[in-house]
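Novice: all I have is the shape, not the residue letters:
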């Protein structure tokens, strides 16, 4: 039975990843900040005949990451999905381009955005690299955003979020090179599209089912040779 570890599993894309992988018979380790508050995820676990387990995991808290790595130290992880992320204080879905505009920077919030979006995936990879390395599929995925593309930025704004996603793209590019050579691991950044979630808002292009179904196809086809690119959920590539 293949295994997947998913961060940010209580809602949005993370929850949909859990739903789809569980439905296909995978063993799912679902990481959430509060197990007690993850009612929908708990229901999925109840219906999954033991294949889905919930684990306390806060990607801002490195001790939490290390604790989970120890807890499941005997497990091989075929696919690690860094789904947890934040746009920071405020809401692009509600505020549009007024969110994150020049002159309104909250630098404490910048630090939190980068701790979750950039340092979190790096810490997860370092904590779980041995779990992934001894699996059959050997894949590490970090959800990024087209807003991290320098080449596609034609409207400005969203400074903290854009910067964090550009940074994690660089992290994943280096990780793809290093981990392919050292462990045969395929690591890559993956843009889910503009998705109708709490973060994306109701006017977004696609729903979570479409996004996750597409991303899973990209993940299925990922190899160390084609990893380290800026993939989109539909299998196309984005400019850095």
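Specialist: That came in fine, so what should we check first? Here the structure is a predicted model, which is why all the values come from computation and not from measurement.
Novice: give the buried residues for stretch 179-193.
Specialist: 179-180, 183, 185-193 (16 or more other CB atoms under 10 Å). To be clear about C-beta, it is placed using only N, CA and C from the backbone, and glycine gets the same treatment.
Novice: tell me which of those fall in helices.
Specialist: Those of the buried residues of stretch 179-193 mapping onto helices are 179-180, 183, per DSSP state H.
Novice: what's around residue 155, how many residues?
Specialist: Here the number of neighbours of residue 155 (other CB atoms under 10 Å) works out to 8.
Novice: sorry, that was for residue 90
Specialist: 14.
Novice: can you tell me how far it is from residue 70?
Specialist: 36 Å (CB to CB, to the nearest Å).
Novice: over to residue 236?
Specialist: Distance from residue 236 to residue 70, by CB to CB: 39 Å.
Novice: next secondary structure element downstream of the helix or strand bottoming out on mean pLDDT in the chain?
Specialist: Least confident element among the helices and strands of the chain, by mean pLDDT, DSSP states H and E: helix 92-95 (a mean of 61). As assigned by DSSP states H and E, the chain's next helix or strand after helix 92-95 is helix 107-114.
Novice: got the buried residues for that next one?
Specialist: 109-110, 112-114.
Novice: which residues touch the residue sitting nearest the centre point of the chain?
Specialist: When the chain is reduced to its mean C-alpha position, the nearest residue by CA atoms, centre = their mean turns out to be residue 83, at 2.2 Å. The contact partners of residue 83, taken as CB atoms under 8 Å, 6 or more residues apart in numbering, are 6-9, 12-14, 17, 143.
Novice: narrow those residues to those that are buried.
Specialist: Buried among the contacts of residue 83 (16+ other CB under 10 Å): 6-9, 12-14, 17, 143.
Novice: how close does the residue of the chain positioned farthest from its centre sit to residue 159?
Specialist: Seen from the C-alpha centroid of the chain, the residue lying at the greatest distance (CA atoms, centre = their mean) is residue 103, 29.2 Å away. Distance of residue 103 to residue 159, given as CB to CB: 10 Å.
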